[in-house]
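Asker: Provided below for reference: sequence and predicted model.
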Protein chains: 2
Amino acid sequence: MGEVISLQELQLAARNHALPLEALRWDVTPIGLHYLLTHYDIPDVDVDAWRLEVGGLVERPLSLSLDDIRARPAVETAVTMECAGNGRAHVEPHVVSQPWLLEAVGTARWRGTPVAGLLAEAGIRDGAVEVLFTGLDRGVEGGEEQAYARSLRLAEVLTGDAILAYEVNGVSLPPQHGYPLRLVVPGWYGMTSVKWLSSISVLGEPFDGYQMRHSYRRRQHEDEPGEPIARMAPRSLMIPPGIPEFLSRSRIVAAGACKLRGRAWTGESEIVGVDVSTDGGATWQRAELDDDSFGRWAWRSWSFIWDAEPGDYELCCRARDAAGNVQPLEPPWNVGGYMNNAVQRVAVSVVE
Amino acid sequence: MGEVISLQELQLAARNHALPLEALRWDVTPIGLHYLLTHYDIPDVDVDAWRLEVGGLVERPLSLSLDDIRARPAVETAVTMECAGNGRAHVEPHVVSQPWLLEAVGTARWRGTPVAGLLAEAGIRDGAVEVLFTGLDRGVEGGEEQAYARSLRLAEVLTGDAILAYEVNGVSLPPQHGYPLRLVVPGWYGMTSVKWLSSISVLGEPFDGYQMRHSYRRRQHEDEPGEPIARMAPRSLMIPPGIPEFLSRSRIVAAGACKLRGRAWTGESEIVGVDVSTDGGATWQRAELDDDSFGRWAWRSWSFIWDAEPGDYELCCRARDAAGNVQPLEPPWNVGGYMNNAVQRVAVSVVE
């Protein structure tokens, strides 16, 4: 790893944190270990003054307190969420933004009320095409002062499993996860799940705010519109086996049978297999997919018994989905450094 | 900020996270925002099988379950904890290790039983000079395989406020903060507060394990023994005012009266003042120290009303202690890049 990042990028890496890979061992990621990306600052919200405004092309605009929202029908969904910029630091040529390596992911149990139910209550008027979700977090990005805001097509909101969440893992949302209320859109990259919600607005035209028009698009050149980023591509990660060397994070493993374990997920299709390589991706063997019961939107567990003989290895894993997609060996490139789902590589020394 | 760090250092920055500076606004840092440094991996602890062994030069060795420890006298202490490597990424020449900028700090309410009480129960034998605390986290560092372990002089343990904590902020310790039990030594840099405790051993000789002999010493050259690092030097941080620019984290502030707020702390003496500069440290004005009631071991709040006129500024703050120490403008240098308490610098544009 001879590449470098600037102290400016390090400032972002110090604020925004990834999942320590050994934390893949928990089905549900403990609070504080789930990945976290805050575009601007975590807002300071006075919940007594806070309201969620539901407006735009609706029959009956709503202005709801947190208690109002908690009084509505509740669901709890285990959701694996990944940042669209995960893997960016491995992309070449270098893309300057939050420098994720490969662990910007986590799985949480989000509890809240379905967005579709709230919109039905408000009554959607003719001509509606999108729903805009706006947060309380404000900043300047690309020279534009803005509150963080993202939209979804109306059909996606009405037929999907999107919820307005006020609890995570059984407790009230911590400030960094969107207190008092956030959107959670299962299967989509995390930028969609707007935190610190202040308003929901039903629109008659597609929203072209900065986070839709400029960010989160897959483009080969700055001057092309590109494709909007939506659902998570297939990816797998392993819990690095053995013990780490402090600085390099390379692993030392005792010779003998070594059970490799990990998780695999996708927002597009369904995971149908995971393969493991012990030679840097030259050859692959099938891992065992567990029959987890975390639901459609959470990661899938896998394991592989490796007969570890003394020597140096580069372990890799790759997920395959029902549509025939498989994780690539090398990072794909685009202007924003998004959706890099190249395989994980773990350096291991097996010792007697 | 023209300097660079390697992807190897970025791996550490992705795992270990700092306090987002706006989180200085909370007297007690919410879980998930407190700084976190994990030397090796977060261990997977089966609490039913776990015991704390208390041995060495004691009359009555103890082997205690978590329930045994919870049944003992409990205290709760608000403690500001900072990493000894905080500020390392600003040190020149560059020191390769966890690349903290300046926000590796947090304040938490730790609840547990006093270490001194447990040692009195075990009975300390003649000849005891130190107490060794060993964690369950294992790895290789400096070529030595080790469990993380640090010692304290016996007098420090018997007269100080060190506790064996099983709760933080009113909940059971999360895995990353040392579940099921950790040491918390108020006033000391964080390396002292060993997590995932497995044993406490009373020693007749000073412990010379890697984390005492090699790490956490202040040295100008690799080949000198240097001074062990102990208590936190005075430091202050401000909540960056206004709103951030995404990439640079520079701030945009509206012209007019702007209340700057922050925290100051020390483990050595007592904070007696905080000064603020709006011109990069050329001139200073006194901030107001709040009369907080968080106790001796937690940070102190301060504020300063700044009459912000349009223009570009570099805001700084510096803490002063009762012993006459004041934060330096430039980072001090030592081999490990420890104890860099140079002043924070915040770039601000004030706009009409």
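Answerer: Perfect, I can see it now. Everything quoted here is computed from the prediction, not taken from an experiment. Residues are numbered from 1 along each chain as shown, chains lettered A, B, ... in the order given.
Asker: wait, doesn't residue A:79 sit right on residue A:188?
Answerer: No: look at residue A:79 against residue A:188 with C-beta atoms under 8 Å: they stay out of range, at 9.6 Å. (C-beta placed from N, C-alpha, C; glycine too.)
Asker: More neighbours: these two, which one.
Answerer: Using other C-beta atoms under 10 Å in any protein chain shown, the more surrounded residue of residue A:79 and residue A:188 is residue A:79, with 29 against 25.
Asker: which SS class is the more buried one?
Answerer: strand (DSSP: H, G, I helix; E, B strand; the rest coil).
Asker: same check, this time on the one 10 residues further on
Answerer: Reduced to three states with three-state DSSP, the structure at residue A:89 is helix.
Asker: show me the contacts for the residue found closest to it once you drop the neighbours it is linked to in the chain.
Answerer: Closest residue to residue A:89 apart from its sequence neighbours, by C-beta to C-beta, 6 or more residues apart in numbering or on different chains: residue A:99 at 4.2 Å. The contact partners of residue A:99, by C-beta atoms under 8 Å, 6 or more residues apart in numbering or on different chains, come to A:5, A:9-10, A:12-13, A:88-89, B:10.
Asker: Quickly note the distance from residue A:153 to chain B.
Answerer: Applying C-beta to the nearest C-beta, to the nearest Å, the value for residue A:153 to chain B is 26 Å.
Asker: Give the burial count for the residue in the stretch 251-352 of chain A that chain B sits nearest to, as a bare number.
Answerer: The nearest approach of the stretch 251-352 of chain A to chain B comes at residue A:252, 5.8 Å away (C-beta to the nearest C-beta). For residue A:252, the neighbour count with other C-beta under 10 Å is 17.
Asker: wait, it sits on residue B:144?
Answerer: No: using C-beta under 8 Å, residue A:252 makes no contact with residue B:144, being 11.7 Å away.
Asker: what's next to the helix or strand residue A:14 falls within, contact-wise?
Answerer: Using DSSP states H and E, the element containing residue A:14 is helix A:7-15. Applying C-beta under 8 Å, 6+ apart, the contact partners of helix A:7-15 are A:5, A:38, A:96-99, B:1-5, B:10, B:13-14, B:17-18, B:20, B:89, B:99-101, B:103, B:247-249.
Asker: List buried residues within these.
Answerer: Neighbour counting by 16 or more other C-beta atoms under 10 Å in any protein chain shown classes A:5, A:38, A:97-99, B:5, B:10, B:13-14, B:17-18, B:20, B:89, B:99-101, B:103, B:247, B:249 among the contacts of helix A:7-15 as buried.
Asker: what about residue A:48, which helix or strand?
Answerer: Assigned by DSSP H and E, residue A:48 belongs to no helix or strand.
Asker: actually residue A:346, sorry about that
Answerer: Taking DSSP H and E as the definition, residue A:346 sits inside strand A:344-351.
Asker: so what does that strand touch, helix or strand wise?
Answerer: Applying 3 or more C-beta pairs under 8 Å, 6 or more residues apart in numbering or on different chains; DSSP states H and E, one finds that strand A:344-351 makes contact with strand A:235-238, strand A:251-254, strand A:311-321.
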